[in-house]
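>>> Need the 3D shape of this:
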Amino acid sequence: MGVFTYESEVVTSIPPAKMFKACILDGDKLIPKVVPQAFKSVEYIEGNGEPGSIKKVTFGEGYLIFAFLYAGSQFNHVKQKIEALDKENFVYSYSIIEGDALMNTLEKITYETKLEPSAAGGSICKTTSKYYTIGDLQLKEEEIKAGKEKASGMFKAIEAYLLANPDAC
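The predicted structure follows:
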């Protein structure tokens, strides 16, 4: 097994507390509403959103998540385990532990997201992704970047929603 780590940053004009609430605390309901082509539904299988909880995310029609690993692949769902939730410091960590997106080549994928204040009054979203491969699969940074651009697009869609609906969240 190998572990490939990738770090990325996205800057937004929304303050950390509001962005964390929208993306993380209210994300299970807000993301399917704002970006229905990405997430069709989110349901908890175990727990209620605290660390240790497991949720099933069903993807929207036509959304090619992780297409950077397998060109043209479309996936139905994943199961995510919430690893950590720090509401005061705006840190959230979860792992994809099951689902067709792992394609029998990844044991799991772990994401840690931290929102920090930016000098301009908005926030900087810092994400560390760790891909745990099965066997000797080698991931290329360019492939990971392509997948991260899709995640960044979802983040920007939530930002646009919050700017258009300032009383939301």
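>>> For residue 130, give the beta-bridge partners.
residue 5, residue 110 (DSSP bridges).
>>> wouldn't it be in contact with residue 4 here?
Yes. Using Cβ atoms under 8 Å, residue 130 is in contact with residue 4, at 7.2 Å. Using the backbone N, CA and C atoms, a C-beta is placed for each residue, glycine as well.
>>> More neighbours: those two, which one.
Counted by other Cβ atoms under 10 Å, residue 130 and residue 4 do not tie: residue 4 has more neighbours, with 18 against 14.
>>> And the strands in the chain, which stretches?
2-12, 39-46, 54-59, 77-86, 91-99, 106-117, 123-133 (DSSP state E).
>>> what's the angle between the longest one and strand 77-86?
Which is strand 106-117. 40 degrees (axes from the mean of the first three to the mean of the last three Cα atoms, to 10 degrees).
>>> Point out the other elements, helices or strands, that strand 106-117 touches.
If contacts are counted by 3 or more Cβ pairs under 8 Å, 6 or more residues apart in numbering; DSSP states H and E, strand 106-117 sits against helix 16-20, strand 77-86, strand 91-99, strand 123-133.
>>> Quick check: the gap between the residue nearest the centre of the chain and residue 114.
Centrality entry for the chain: nearest residue to the mean C-alpha point is residue 151, 6.5 Å, by Cα atoms, centre = their mean. According to Cβ to Cβ, to the nearest Å, residue 151 and residue 114 sit 15 Å apart.
>>> Quick one: residues contacting residue 112.
Contact analysis of residue 112 by Cβ atoms under 8 Å, 6 or more residues apart in numbering lists 83, 84, 91, 92, 93, 127, 128.
>>> ok, now with 7 Å
Each residue near residue 112 by Cβ atoms under 7 Å, 6 or more residues apart in numbering is listed here: 93, 127, 128.
>>> try residue 60
36, 37, 38, 39, 40.
>>> Surely residue 98 touches residue 80?
No. Look at residue 98 against residue 80 with Cβ atoms under 7 Å: they stay out of range, at 8.8 Å.
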